[in-house]
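got a structure for you, letters missing:
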């Protein structure tokens with residue numbers, strides 16, 4: 001922005017620069033062209049420095065390429081994936097602890113069937129007529145065949161011990177007979 005046509009210079013606030021002569025402009029353009037050529041030569045010389053920064057991208061592309069080749073030769077239908085459960089008997093609220101409980105219950109019932117006089121899940125009527133099923137019934141211990149002991153099977157965990165205490169109290173009140181708890185280690189039934 002020339003301020004004064006007679007004094008063709010440039011003013012910016014308190015700064016002033018005189019206008020360049022045509023020879024100075026030619027020299028400036030020549031120096032800019034030389035600088036551009038030198039910058040391009042330096043870029044060409046240092047182009048190898050791009051390799052370390054592109055290596056992670058090349059590694060990912062290489063792995064994706066290997067996966068694409070492997071997928072091409074893989075069978076279209078995999079017979080059984082790694083997360084397919086062999087037993088799909090899941091119910092509402094079913095998770096690993098309930099599965100362990102069913103496995104333990106099954107084992108102790110089989111053991112009771114194998115022993116003479118033991119009964120898995122004996123049916124007992126309470127004083128109110130309600131049907132109760134303790135986990136195990138022992139053989140009669142007295143001449144009276146109705147007098148027997150009952151066993152409640154629970155995991156040896158805080159919640160299992162609390163549930164056993166509630167069940168024992170309920171069965172003892174209903175039958176008037178001795179009821180005991182049998183605690184098992186849940187780790188024994190993990191697979």
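In hand now; what should we look at? Treat the numbers as computed from the prediction; the structure is a model and nothing was measured.

can you give me the helices in the protein?
22-45, 50-73, 96-114, 158-175 (DSSP state H).

Pull out the buried positions in the third one.
Using 16 or more other CB atoms under 10 Å as the burial criterion, the residues of helix 96-114 that qualify are 99, 100, 101, 103, 104, 105, 108, 109, 112. Quick note: C-beta positions are derived from backbone N, CA and C, even for glycine.

And for the closest residue to residue 125 other than its chain neighbours, the neighbour number?
Counting by CB to CB, 6 or more residues apart in numbering, residue 131 is the residue found nearest to residue 125 once chain neighbours are left out, at 6.2 Å. The number of residues packed near residue 131 is 9, by other CB atoms under 10 Å.

who's in contact with residue 131?
Neighbouring residues of residue 131 by CB atoms under 8 Å, 6 or more residues apart in numbering: 123, 124, 125.

Would you mind confirming that the first one makes contact with residue 133?
Yes. Here residue 123 lies in contact with residue 133, judged by CB atoms under 8 Å, at a distance of 6.2 Å.

Break the protein into its domains for me.
According to automatic domain parsing, the chain comprises the domains 9-73, 96-189.

Now the weakest link among those domains, please, by mean pLDDT.
Ranked by mean pLDDT, these end with domain 96-189 at the bottom, a mean of 85.

Show me how far that one is from its chain's centre.
36 Å (CA atoms, centre = their mean, to the nearest Å).

Alright, that wraps it up for me.
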